[in-house]
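Chemist: show me how the following folds:
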Amino acid sequence: MIFSGEAKENLKALGERLRDERLRRNETQQMFAARIGTSVPTLLKMEAGDHRVQLGFWVAALDVLGRESDLNLLLAPPEDLFAKYELAQKPRRQRASRRKTS
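Modeler: Numbers count the residues shown, from 1 in each chain. Next up is the predicted model:
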């Protein structure tokens with residue numbers, strides 16, 4: 001596979017963020033690797049930004065970190081600013097008053 005310099009830097013930054021999260025949670029490499037169902041050498045590859053690590057291990061890591069919703073951000077549809085503007089322009093429904101008129 002051929003990766004651009006930017007892609008390599010992005011993978012490296014992703015691996016560094018994974019390492020930072022693991023350390024912030026005070027987990028050893030052995031503990032974290034066991035929790036995501038992989039070996040320490042594979043975890044080291046993930047933390048180094050190696051592109052050959054299976055996506056499934058990244059999904060498991062996100063799950064263990066409680067960040068599984070971050071996976072939905074990959075290839076998310078672009079934000080439609082026109083639709084967002086139209087929603088903001090719609091009048092909001094007002095709740096009817098409960099006061100009885102005499």
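
Chemist: and the one helix or strand in the chain whose mean pLDDT sits lowest, how far out from the chain's middle?
Modeler: In the chain, no helix or strand scores lower on mean pLDDT, DSSP states H and E than helix 81-89, which sits at a mean of 80. With C-alpha atoms, centre = their mean, to the nearest Å as the basis, helix 81-89 stands 26 Å off its chain's centre.

Chemist: what of stretch 27-42?
Modeler: On C-alpha atoms, centre = their mean, the centre of stretch 27-42 falls 19 Å from that of its chain.

Chemist: who's in contact with it?
Modeler: Arg22, Leu43, Leu44, Val53, Phe57, Ala60, Ala61, Asp63, Val64 (C-beta atoms under 8 Å, 6 or more residues apart in numbering). No exception for glycine: its C-beta is placed from N, CA and C like everyone else's.

Chemist: top helix in the chain by residue count?
Modeler: Ranked by residue count, the top helix of the chain under DSSP state H comes out as helix 5-24.

Chemist: show me what that one is packed up against.
Modeler: Where contact means 3 or more C-beta pairs under 8 Å, 6 or more residues apart in numbering; DSSP states H and E, helix 5-24 is packed against helix 40-48.

Chemist: pLDDT (mean, whole number) over the helix it packs on?
Modeler: Averaged across helix 40-48, pLDDT comes to 97.
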